[in-house]
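Chemist: sequence and predicted structure below; questions after.
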Amino acid sequence: MRAVKQNMKEILIENMLVRRVKEAGGICIKVQTIGRRGFFDRLVLLPGGRIVWCEVKRPKNGIVAAHQAQRHKLFKELGAEVAIIWREGDIDQLLRR
């Protein structure tokens, strides 16, 4: 039962991300891939051509797995912008950049 509660927090953060990006004039696309476990949760497209790969984690006890950290590093090395969203403040920071 506890795991469901913690996952619910992640859903709330993800929903907030979607709403805030839309309010900023952007699009927040749910990413689903076949055969790629732990891929990014959302692709955020913001005005001005800014594109950000987003990983959403629950605020408490959310963990970035090793394979996710490797993927984040690879994407950054290729010049992509990557953000991990733990809480509302992270969304604020993402939209301010």
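Modeler: Thanks, I have the structure now.

Chemist: now stretch 55-74: buried residues?
Modeler: Residues 55-58, 62, 68, 71-72 are the ones in stretch 55-74 that count as buried (16 or more other C-beta atoms under 10 Å). Every C-beta, even on glycine, is put in place using the N, C-alpha and C of the backbone.

Chemist: buried ones in the helix or strand hosting Ile84?
Modeler: For Ile84, the host element (DSSP states H and E) is strand 81-85. By neighbour count on 16+ other C-beta under 10 Å, the buried set for strand 81-85 is 83-85.

Chemist: so which of the buried residues of stretch 55-74 comes closest to Ile29?
Modeler: Lowest distance from Ile29 to the buried residues of stretch 55-74 (C-beta to C-beta) belongs to Val56, with 12.8 Å.

Chemist: contacting residues for the closest one?
Modeler: The contact partners of Val56, taken as C-beta atoms under 8 Å, 6 or more residues apart in numbering, are 10, 13-14, 17, 41-42, 84-85.

Chemist: which of these fall within strands?
Modeler: Judged by DSSP state E, the subset of the contacts of Val56 located in strands is 42, 84-85.

Chemist: any idea which helix or strand comes after the strand holding Ile84?
Modeler: Per DSSP H and E, the helix or strand that comes after strand 81-85 is helix 88-96.

Chemist: okay, angle between that next one and strand 81-85 too, please.
Modeler: Helix 88-96 runs at 160 degrees relative to strand 81-85, counting by axes from the mean of the first three to the mean of the last three C-alpha atoms, to 10 degrees.

Chemist: now do helix 88-96: which elements does it pack against?
Modeler: helix 2-23, strand 81-85 (3 or more C-beta pairs under 8 Å, 6 or more residues apart in numbering; DSSP states H and E).
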